[in-house]
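Engineer: return a 3D structure for these sequence lines:
(chains A, B, C, D, E and F)
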Number of protein chains: 4
Amino acid sequence: MVRTETRAAYREAILDAATRVFGRLGFQDAKMADIAAEAGVAAGTVYNYFKNKEEVFRSILQRTHELVYQRILVHQQLADPIERMRASTREAFDFLEEHGALFLLYVSIGGGFDWAQKRIEQALIDENHARYFALSQATLRDAVERGLLRSDLSIERLAVLLSGLTDATIFSWVRTGCPPGLRTQADPLIDFFLHGAKAP
Amino acid sequence: MVRTETRAAYREAILDAATRVFGRLGFQDAKMADIAAEAGVAAGTVYNYFKNKEEVFRSILQRTHELVYQRILVHQQLADPIERMRASTREAFDFLEEHGALFLLYVSIGGGFDWAQKRIEQALIDENHARYFALSQATLRDAVERGLLRSDLSIERLAVLLSGLTDATIFSWVRTGCPPGLRTQADPLIDFFLHGAKAP
Amino acid sequence: MVRTETRAAYREAILDAATRVFGRLGFQDAKMADIAAEAGVAAGTVYNYFKNKEEVFRSILQRTHELVYQRILVHQQLADPIERMRASTREAFDFLEEHGALFLLYVSIGGGFDWAQKRIEQALIDENHARYFALSQATLRDAVERGLLRSDLSIERLAVLLSGLTDATIFSWVRTGCPPGLRTQADPLIDFFLHGAKAP
Amino acid sequence: MVRTETRAAYREAILDAATRVFGRLGFQDAKMADIAAEAGVAAGTVYNYFKNKEEVFRSILQRTHELVYQRILVHQQLADPIERMRASTREAFDFLEEHGALFLLYVSIGGGFDWAQKRIEQALIDENHARYFALSQATLRDAVERGLLRSDLSIERLAVLLSGLTDATIFSWVRTGCPPGLRTQADPLIDFFLHGAKAP
DNA sequence: AATGAATGAGAGTTCATTCAT
DNA sequence: GATGAATGAACTCTCATTCAT
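Structural biologist: Here you go, the predicted structure:
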């Protein structure tokens, strides 16, 4: 029992370290030695927990995805689809603020374009992305059916545009050094999604 | 004179080849040997034109940026800022359709998140990105001042959101295999930017 | 006493396992983890019984040698040296058929040319080999002195040639998949040793 | 043309070096760095000529085999099969004396039992071995048909026994430090093959 | 004494860059 | 200036051995 806990703790520590290192350097530049050092273990130890560098990366993706997904899932019970959109966006932004290694989240949320990842596990990324997208699309469909959103654009197109606004906001936030307060941008973002930029 | 032209032609040929190879494989996986082979020259020749791999990449970025920038610049004379936005977006989409190696354009246009680039020349990317952004912001400012766009969002915020919509559209287009007709999405995109998703 | 027996039992179990694993994979490819797993003990346990991988190997060699040597020794009491040769060869072939891990026997008997062994303990191999050889030479000397064998070849040379015939027979047997009946080749082999290939 | 020659020379130099190193240390213990150093080139250079360590090994095998095979082939025109056997054996022994790296010859001639080789390219080894064996068997068959050899043993069995005598002689020679004069043992060996050890 | 995870030295291989031709 | 082979630093991964429990 103790052993199992210790193993799990080691695993988590390595994933945490790897998350920091990948976030800092990207997949290619991150060396296994860096990850091991950051985790405070020997190089070989990492290989007792993960088959290779790719699996470390994949595991981070999966772990992060699961974490965010669960947190967003909670809000899907809200009756009003617009409220659901607002809550989900706030939740995602909250998560980003809490975790330094946003790069990974971004990636797991879907839009990432790092060629390294592409090579590694596009399938996994796509699958995770698809799960988020499915959630988003369900909400949008609900909204369209209730007459809350225009119906001349496909659900998928709406989802793409919404994620575009979200991603751009995140990028911009990262670019400006991750200042506190990202979550406050969630509601204006949804408002913009609804009403656009036209002067009233 | 001939010599100069020959040199220039070699340089262009190498950049063309490198664009294709980087577009196909990404920065890390693209080997100098691949680029040389694609260009039909010997490996060493590349080094007669570029100091190293990074400079090849940087040069592509710069060249592409210049190309797109000039094409977009043409439309800045249009009196109506909304029309300017439409024309610029169409122009960017056209360029993407014409050139297979869209990845690079996208990247040079700005939102890219490839870690390789980050390492290499974020400064350059940012600078290029800033030039586009300046263009975009000038148009948006004009529109706001004419009362065509809401004034409760900062010009910069508007620019970020607009680029988000554009980028998401491009990503989605790439993801679906670059089907013909990207340019037809330019006007609906601007419409969405103006009016949002709300049902009328 | 019990303790001692337990220790001995562990030791034997590990050697048995190691014999199988070395036989299957050779020295280099056999991993200590494989041996431990095959023996049903933890990796560390092996090191409670043997200093290192080489000692495990050496111990197998020694144990196997001892076993075979004792079995062959029994027949040395036979009065007729030719009969002694026949009986010894049969005994060796029997042993090979009984034990799957023939490779090791062969090796310990002497002619092996595995570079791994060479590196490890050529001295030991040579010593064991010398013991067999001494037995063989004693018999041959006896035969020569009794006028049963030609005396124009040195005893050592005769021993070398005899072992060559034996080894070739074993190799050929292994190469053809160790079909049953190796022992029946012992007598024809000795006959050939005596009379050669010439037509009568 | 010069280039081609240079390339070939490099290739040969590396193979020569590798032959020495493999002969000295065996496959596993020979490091690519050792081979490169012995050849007086950089580590990477070896990889410009051979895909990997295994291919270096395989190439040596093939080259040596070809060399020896051609030399033995010359004597196949001799009318008397017994003379053919004598000449072939002498040729093989000559080759061994000329080349320090006998290990390889031995291996390529066939009886080798190095586990490393087994893993690597047993197929190739077997194929080469089969070529020698075919030669040997043809000669033996000829001799049997002419009534020169006993016909109660299969051709294959005769070939096995002959190679056993040869190998044992080589082993013994190597074991005693490769003293000059191996070739003088060829004729007595064939004599022994013909008449055996029985006193006349 | 058994365990099994941590260790870390070491090897094969890649590839950007250099340089003699 | 083009060539293309040589270079060698650097990185991932393996596994014999150690050691805390």
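
Engineer: okay, how far is it across stretch A:141-149, tip to tip?
Structural biologist: Between the opening and closing residues of stretch A:141-149 there is a gap of 9 Å (CA to CA, to the nearest Å).

Engineer: in it, what's buried?
Structural biologist: Neighbour-count burial for stretch A:141-149 flags A:142-144, A:148-149 (criterion: 16 or more other CB atoms under 10 Å in any protein chain shown). Any C-beta I mention is one placed from the backbone N, CA and C, and that applies to glycine too.

Engineer: got these as TSV, with pLDDT and distance to A:S59 columns?
Structural biologist: Converted to TSV, the buried residues of stretch A:141-149 look like this (pLDDT from 0 to 100; distance: CB to CB, whole Å):
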residue	pLDDT	distance to A:S59
A:D142	97	34
A:A143	97	35
A:V144	96	37
A:L148	96	39
A:L149	96	37
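
Engineer: domain assignment for chain A?
Structural biologist: According to automatic domain parsing, chain A comprises the domains A:1-50, A:59-195.

Engineer: A:A17: neighbouring residues, count only.
Structural biologist: Around A:A17 sit 20 other residues, with neighbours defined as other CB atoms under 10 Å in any protein chain shown.

Engineer: rewinding a little: pick the most deeply packed of the domains of chain A.
Structural biologist: domain A:59-195 (a mean of 18; mean count of other CB atoms under 10 Å in any protein chain shown).

Engineer: quick one: A:S151 and A:V144 touch, right?
Structural biologist: Yes - applying CB atoms under 8 Å as the test, A:S151 and A:V144 come out as touching, 5.3 Å apart.

Engineer: any weak-confidence spans in chain A?
Structural biologist: Across chain A, the stretches falling below the confidence threshold (pLDDT under 70) are A:1-3, A:100-122, A:124-125.

Engineer: show me which of the buried residues of stretch A:141-149 neighbour chain C.
Structural biologist: Restricting the buried residues of stretch A:141-149 to those near chain C by CB under 8 Å from any CB of the partner chain leaves nothing, as none qualifies.

Engineer: can you put these in JSON lines and add secondary structure and distance to DNA strand F?
Structural biologist: Formatted as JSON lines, the buried residues of stretch A:141-149 follow (DSSP: H, G, I helix; E, B strand; the rest coil; distance: CB to the nearest atom of the strand, whole Å):
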{"residue": "A:D142", "secondary structure": "helix", "distance to DNA strand F": "44"}
{"residue": "A:A143", "secondary structure": "helix", "distance to DNA strand F": "45"}
{"residue": "A:V144", "secondary structure": "helix", "distance to DNA strand F": "46"}
{"residue": "A:L148", "secondary structure": "coil", "distance to DNA strand F": "49"}
{"residue": "A:L149", "secondary structure": "strand", "distance to DNA strand F": "46"}
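
Engineer: tell me where chain A has strands.
Structural biologist: Secondary structure of chain A, counting by DSSP state E: no strands present.

Engineer: quick check: residues of it near DNA strand F?
Structural biologist: Taking CB under 7 Å from any atom of the strand as the criterion, the neighbours of DNA strand F within chain A are A:2, A:30-33, A:43-44, A:47, A:52-54.

Engineer: now distance to chain B too, for the domains of chain A, in CSV please.
Structural biologist: What follows is the domains of chain A, written out as CSV (distance: least, CB to the nearest CB, whole Å):
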stretch, distance to chain B
domain A:1-50, 3
domain A:59-195, 2
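
Engineer: how much space is there between the closest residue to A:K198 other than its chain neighbours and A:G23?
Structural biologist: Sequence neighbours aside, B:L194 is the residue nearest to A:K198 in space, at 4.4 Å (criterion: CB to CB, 6 or more residues apart in numbering or on different chains). Taking CB to CB, to the nearest Å as the measure, B:L194 falls 37 Å from A:G23.

Engineer: want to throw the domains of chain A into a markdown table with distance to B:A92?
Structural biologist: As requested, these are arranged in a markdown table below (distance: least, CB to CB, whole Å):
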| stretch | distance to B:A92 |
| --- | --- |
| domain A:1-50 | 27 |
| domain A:59-195 | 14 |
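
Engineer: with distance to DNA strand E added, can I get the ones you listed in JSON lines?
Structural biologist: As requested, the domains of chain A are arranged in JSON lines below (distance: least, CB to the nearest atom of the strand, whole Å):
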{"stretch": "domain A:1-50", "distance to DNA strand E": "2"}
{"stretch": "domain A:59-195", "distance to DNA strand E": "12"}
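
Engineer: where does chain A get nearest to chain C, which residue?
Structural biologist: Using CB to the nearest CB, the single residue of chain A nearest to chain C is A:N48, 12.0 Å away.

Engineer: for A:M32, see how far away that residue is.
Structural biologist: 12 Å.

Engineer: okay, helices next: where are they in chain A?
Structural biologist: Residue ranges of the helices in chain A, as given by DSSP state H, are A:2-29, A:32-39, A:43-49, A:53-73, A:81-98, A:102-109, A:115-145, A:155-175, A:186-195.

Engineer: okay, the fourth one in PDB with CA atoms only?
Structural biologist: What follows is helix A:53-73, C-alpha atoms only, in PDB (Å, rounded to 0.1, in the frame of the first residue of the first chain):
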ATOM      1  CA  LYS A  53       9.900  10.800 -23.700                       C
ATOM      2  CA  GLU A  54       6.800  10.600 -25.800                       C
ATOM      3  CA  GLU A  55       4.900   8.700 -23.200                       C
ATOM      4  CA  VAL A  56       5.800  11.300 -20.600                       C
ATOM      5  CA  PHE A  57       4.400  13.900 -22.900                       C
ATOM      6  CA  ARG A  58       1.300  11.900 -23.700                       C
ATOM      7  CA  SER A  59       0.700  11.300 -20.000                       C
ATOM      8  CA  ILE A  60       0.800  15.000 -19.200                       C
ATOM      9  CA  LEU A  61      -1.600  15.600 -22.000                       C
ATOM     10  CA  GLN A  62      -4.000  13.000 -20.800                       C
ATOM     11  CA  ARG A  63      -3.700  14.000 -17.100                       C
ATOM     12  CA  THR A  64      -4.300  17.700 -17.900                       C
ATOM     13  CA  HIS A  65      -7.100  16.900 -20.200                       C
ATOM     14  CA  GLU A  66      -8.900  14.800 -17.700                       C
ATOM     15  CA  LEU A  67      -8.500  17.500 -15.000                       C
ATOM     16  CA  VAL A  68      -9.900  20.300 -17.100                       C
ATOM     17  CA  TYR A  69     -12.600  18.200 -18.700                       C
ATOM     18  CA  GLN A  70     -14.000  17.200 -15.300                       C
ATOM     19  CA  ARG A  71     -14.000  20.700 -14.100                       C
ATOM     20  CA  ILE A  72     -15.900  21.900 -17.200                       C
ATOM     21  CA  LEU A  73     -18.200  19.000 -17.100                       C
END
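
Engineer: now do that helix: distance to the chain's middle.
Structural biologist: Mean-position distance between helix A:53-73 and its chain equals 8 Å (CA atoms, centre = their mean, to the nearest Å).

Engineer: now for that helix, which elements pack on it?
Structural biologist: Counting contacts by 3 or more CB pairs under 8 Å, 6 or more residues apart in numbering or on different chains; DSSP states H and E, helix A:53-73 is packed against helix A:2-29, helix A:81-98, helix A:102-109, helix A:115-145.

Engineer: and A:A168, what is it in contact with?
Structural biologist: B:111, B:160-161, B:163-165, B:167-168 (CB atoms under 8 Å, 6 or more residues apart in numbering or on different chains).

Engineer: what do you get for A:G164?
Structural biologist: B:164-169, B:171.

Engineer: try A:E55
Structural biologist: If you count contacts by CB under 8 Å, 6+ apart, then A:E55 has nothing around it.

Engineer: again, but for A:L194
Structural biologist: For A:L194, the set of contacting residues under the criterion of CB under 8 Å, 6+ apart consists of A:82, A:149, B:196-198.

Engineer: try 7 Å
Structural biologist: Under the criterion of CB atoms under 7 Å, 6 or more residues apart in numbering or on different chains, the contact partners of A:L194 comprise B:196-198.
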